[in-house]
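Asker: here you go, sequence then predicted model.
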Amino acid sequence: MTSHPDPSTKVSLTDLTDRKSRGEKLVMVTAYDHPGARLADAAGLDIILVGDSAADNVLGYDTTVPVTVDELLVLVRAVARGTERALVVADMPFGSFQVSDETAVANAVRFVKEAGADAVKIEGAGPSLARVQALVGAGIPVMGHVGLTPQSATMLGGFKAQGRTAAKARQLLADARALEAAGCFAVVLEAVPAEVARRVSNTLHVPTIGIGAGPDCDGQVLVWHDLLGLSDRRPARFVKRYADVGSEIRRALEAYAEDVRSGDFPAPEHTYTIPEDELALFDAAAEEREHAQDADR
């Protein structure tokens, strides 16, 4: 029987590890605004990630690379204001943590202090490990991310599955373990063979969140626009669309446009009235004003 979390209790970091130990799956969604946050929170989702994928999903960029800290701060604030139960995680965009530990901490503090995020997420291991340690040392919870890391997709040979050779799978496992040792409370595994993700998940003590990483991760994440059918792009192989909201929105807009052009909208039930005596006073005043203007001319 599937267990359901208490909708009245704020999700904590210890809740996540406790649920991993009990074999209870975690549910994360990447969302970007206040209405989306309210809906995800009401649906009982555990984690809302305000992803740098806002760049190409809502801000019109071709990739995630151009999005700035200031742009994401606006979205994180909106999500935090709409969330009562779920853990809010802010994605740190490209350039916000790579330069130095000091820069990483300064930007992460903004996401937590100014925008109300509960935690931040950074991509990669290797050089990023020092950043994780600096952030955790500053009291900021960090979610890691290995496998396909979109910010460095060019270096990885494009948007392709990772860890598909024994050597690369071993490195991926080593990176995930290093992120855990550095202090990450969870690790995202993106576009990783299911068997590799299962071994990583079984090795780590902290939860893994899969996206294109098979069913044996401790949780799953999908992007809001992908799972709801709001994007007109071809979805990745790992996306399951649970609705076709985009088509319904277009249908509604086309119907609205047709009603306006035909004169069917607004109808009487969409308008307000004024008492006849008040309308007569208004008309009299308007007529008097018009006569006065004529006399001035």
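Answerer: Nice, I can see it.

Asker: from now on I want contacts and neighbour counts done on CA atoms only, so please keep to that.
Answerer: Will do.

Asker: just give me how far the helix or strand containing Val79 sits from the chain centre.
Answerer: Secondary structure assignment for Val79, by DSSP states H and E: helix 69-81. In terms of CA atoms, centre = their mean, to the nearest Å, the centre of helix 69-81 is set 10 Å apart from its chain centre.

Asker: ditto for stretch 72-91
Answerer: The answer for stretch 72-91 is 8 Å, by CA atoms, centre = their mean.

Asker: dump it to CSV, keeping only the CA atoms.
Answerer: Provided in CSV are the C-alpha atoms of stretch 72-91 (Å, rounded to 0.1, in the frame of the first residue of the first chain):
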residue,chain,number,x,y,z
LEU,A,72,16.1,33.1,-10.5
LEU,A,73,15.7,35.0,-7.3
VAL,A,74,12.4,36.4,-8.5
LEU,A,75,11.2,32.9,-9.3
VAL,A,76,12.4,31.4,-6.0
ARG,A,77,10.6,34.1,-4.1
ALA,A,78,7.4,33.4,-5.9
VAL,A,79,7.6,29.6,-5.2
ALA,A,80,8.6,30.1,-1.6
ARG,A,81,5.6,32.4,-1.1
GLY,A,82,3.3,29.6,-2.4
THR,A,83,4.8,26.8,-0.5
GLU,A,84,3.9,25.7,3.1
ARG,A,85,4.9,22.0,3.2
ALA,A,86,7.4,21.1,0.5
LEU,A,87,11.1,21.7,0.7
VAL,A,88,12.1,24.5,-1.7
VAL,A,89,15.4,24.0,-3.4
ALA,A,90,17.0,26.8,-5.5
ASP,A,91,19.2,25.8,-8.5
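
Asker: what about that stretch, average pLDDT?
Answerer: The average pLDDT within stretch 72-91 is 98.

Asker: name the residues of it that are buried.
Answerer: Neighbour-count burial for stretch 72-91 flags 72-73, 75-91 (criterion: 16 or more other CA atoms under 10 Å).

Asker: which residues sit against it?
Answerer: With contacts defined as CA atoms under 8 Å, 6 or more residues apart in numbering, stretch 72-91 is touched by 7-12, 31-38, 41, 44-52, 54, 110-111, 114-122.

Asker: how close does Asp52 sit to Gln151?
Answerer: 9 Å (CA to CA, to the nearest Å).

Asker: picking that back up, got the angle for the helix or strand following the helix holding Val79 vs helix 69-81?
Answerer: Next along the chain after helix 69-81, taking DSSP H and E as the criterion, comes strand 87-91. Inter-element angle recorded for strand 87-91 and helix 69-81: 170 degrees (by axes from the mean of the first three to the mean of the last three CA atoms, to 10 degrees).
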